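*Asks:* How does the following fold in three dimensions:
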Amino acid sequence: MARVSHLGSLRTPANAGNAKVLRSRLTDAERKLWYYLRARRFLGWKFRRQVPLGRHIVDFLCEEARVIVEVDGGHHGEQLERDSNRTRWLGEQGYEVVRFWNNEVLGNIEGVLATLSPALSQGRGRTTLSPALSQGRGGKA
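*Replies:* Residues are numbered from 1 along each chain as shown. Below you'll find the model as predicted:
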């Protein structure tokens with residue numbers, strides 16, 4: 001049975017406008033990942049980019065699997081509490097959040113996609129961090 005999207009109830013007019021601007025200003029890492037996710041290229045899953053959800057704008061969303069993919073730059077290492085609160089709120093809305101560092105996407109796209117595949121197959125479940133992201137910015141626990 002197909003799920004009914006509740007995205008409309010999570011959008012605000014301000015975020016819709018901001019998301020449109022962000023779609024035209026993808027980072028190099030976001031652009032690279034979008035190449036693999038767009039047009040159902042990745043295992044047939046439909047993704048959207050820069051999608052407003054509540055007061056947040058998520059990088060990539062697969063509504064069918066209820067999975068959000070976030071591509072984090074270096075500044076995210078300095079805002080861990082904010083990201084944690086954001087991930088918690090998105091989880092409360094029924095989404096699984098999968099996070100990758102920019103350098104992972106740019107240097108190991110195959111590994112990124114291999115990490116993403118099981119999250120999509122499992123659908124809503126838990127927050128998934130790539131191995132490097134779960135160890136922190138410097139790759140150390």
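*Asks:* Mind checking the pLDDT average for stretch 92-111?
*Replies:* Averaging pLDDT along stretch 92-111 gives 96.
*Asks:* Would you mark the buried spots in it?
*Replies:* 95-102, 104-106, 108-109 (16 or more other C-beta atoms under 10 Å). Heads up, the C-betas are built off the backbone N, CA and C, glycines and all.
*Asks:* what's the answer for stretch 117-125, then?
*Replies:* Counting neighbours by 16+ other C-beta under 10 Å, one finds that the buried residues in stretch 117-125 are Ala119, Leu120.
*Asks:* Need the buried residues of stretch 92-111 in JSON lines (columns: secondary structure).
*Replies:* Listed next are the buried residues of stretch 92-111 as JSON lines, based on DSSP: H, G, I helix; E, B strand; the rest coil:
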{"residue": "Tyr95", "secondary structure": "coil"}
{"residue": "Glu96", "secondary structure": "strand"}
{"residue": "Val97", "secondary structure": "strand"}
{"residue": "Val98", "secondary structure": "strand"}
{"residue": "Arg99", "secondary structure": "strand"}
{"residue": "Phe100", "secondary structure": "strand"}
{"residue": "Trp101", "secondary structure": "strand"}
{"residue": "Asn102", "secondary structure": "helix"}
{"residue": "Glu104", "secondary structure": "helix"}
{"residue": "Val105", "secondary structure": "helix"}
{"residue": "Leu106", "secondary structure": "helix"}
{"residue": "Asn108", "secondary structure": "coil"}
{"residue": "Ile109", "secondary structure": "helix"}
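*Asks:* pull the CA atoms of stretch 69-82 into CSV?
*Replies:* C-alpha atoms of stretch 69-82 as CSV (Å, rounded to 0.1, in the frame of the first residue of the first chain):
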residue,chain,number,x,y,z
VAL,A,69,20.1,12.0,3.1
GLU,A,70,22.2,14.9,4.5
VAL,A,71,25.6,15.9,3.1
ASP,A,72,27.5,17.7,5.8
GLY,A,73,30.4,20.1,5.3
GLY,A,74,33.1,21.1,7.8
HIS,A,75,30.8,23.6,9.6
HIS,A,76,28.6,20.7,10.8
GLY,A,77,31.4,19.6,13.1
GLU,A,78,30.8,22.9,15.0
GLN,A,79,27.1,22.5,15.2
LEU,A,80,26.6,19.0,16.5
GLU,A,81,23.9,19.9,19.0
ARG,A,82,21.8,21.6,16.3
